[in-house]
Each structure stands twice: as structure tokens, then as C-alpha cells.
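1. Provided below for reference: sequence and predicted model.
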Amino acid sequence: MQRISLDALATQQLELAAAHGGRCAADTVVGGHERVLRQTVIAMIKGTELDEHNNPGEATVHVLRGRVRLTSKGQSW
């Protein structure tokens, strides 16, 4: 398995999000659509909201910088 700096990847994705006028950018680090488990770095500019989407199961969120609010079925964390 290749070693990856999550901090460097987060910085890169934040720069991409800001440079392209978007609100977020993402890169899958491990796995992909063909795998059940995948790990993706998602960089979000302040104030960005992700659209409602399907999740095939459980998920883990690890915040590298800043804060996030997760909302699901009327609950927020």
C-alpha cells in the first residue's frame, strides 16, 4: 500500500476547490466504486453543503481541519 500524507492531500483538495470556483473537491484514497470500503478526502469551503445522497451502509468521518455538522433523519451532530 502506498503511503499518503492526508494533510498534504487535504491542502491540495482545498486549493482545487477554491481555484475552480466550486465549493468542494474530493479524491478517493483507497478503494473506489468497485469496493465496499473506500476512503475519500473531501475538502469543503466554509458554508458548503453536500446534497442529500444514498449511503450504502455505515460511514466514518474524520475531520482534519475546521468543523462539520452532520445531519441525518432530523438529527444533527
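-> Received the coordinates, thanks.
2. low pLDDT regions in this structure?
-> For the chain, the stretches flagged by pLDDT under 70 are 1, 56.
3. how about the strands of it, start to end?
-> Listed in chain order, the strands of the chain (DSSP state E) span 24-30, 39-44, 71-72, 75-76.
4. could I get these in TSV, plus columns for mean neighbour count and distance to Glu58?
-> (Each C-beta comes from the backbone N, C-alpha and C, glycine too.) Converted to TSV, the strands of the chain look like this (neighbours: other CB atoms under 10 Å; distance: least, CB to CB, whole Å):
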stretch	mean neighbour count	distance to Glu58
strand 24-30	14	16
strand 39-44	17	13
strand 71-72	10	12
strand 75-76	7	15
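5. so can I have TSV of these showing distance to Val61?
-> Shown next, in TSV, are the strands of the chain (distance: least, CB to CB, whole Å):
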stretch	distance to Val61
strand 24-30	13
strand 39-44	9
strand 71-72	11
strand 75-76	13
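6. which of those strands sits closest to Asp7?
-> Asp7 lies closest to strand 39-44 among those, at 10.0 Å (CB to CB).
7. that closest one pairs with which strands?
-> strand 24-30 (antiparallel) (DSSP bridges).
8. now what about the partner strand, what contacts it?
-> 1, 4, 6, 9, 12-14, 16-17, 37-45, 48, 50 (CB atoms under 8 Å, 6 or more residues apart in numbering).
9. quick check: Gly47 vs Gln13, distance?
-> 17 Å (CB to CB, to the nearest Å).
10. nope, Gln75 is what I was after
-> 27 Å.
11. Ala59 too?
-> From Ala59 to Gln13 the distance is 18 Å (CB to CB).
12. next: Leu64.
-> Leu64 is 10 Å from Gln13, by CB to CB.
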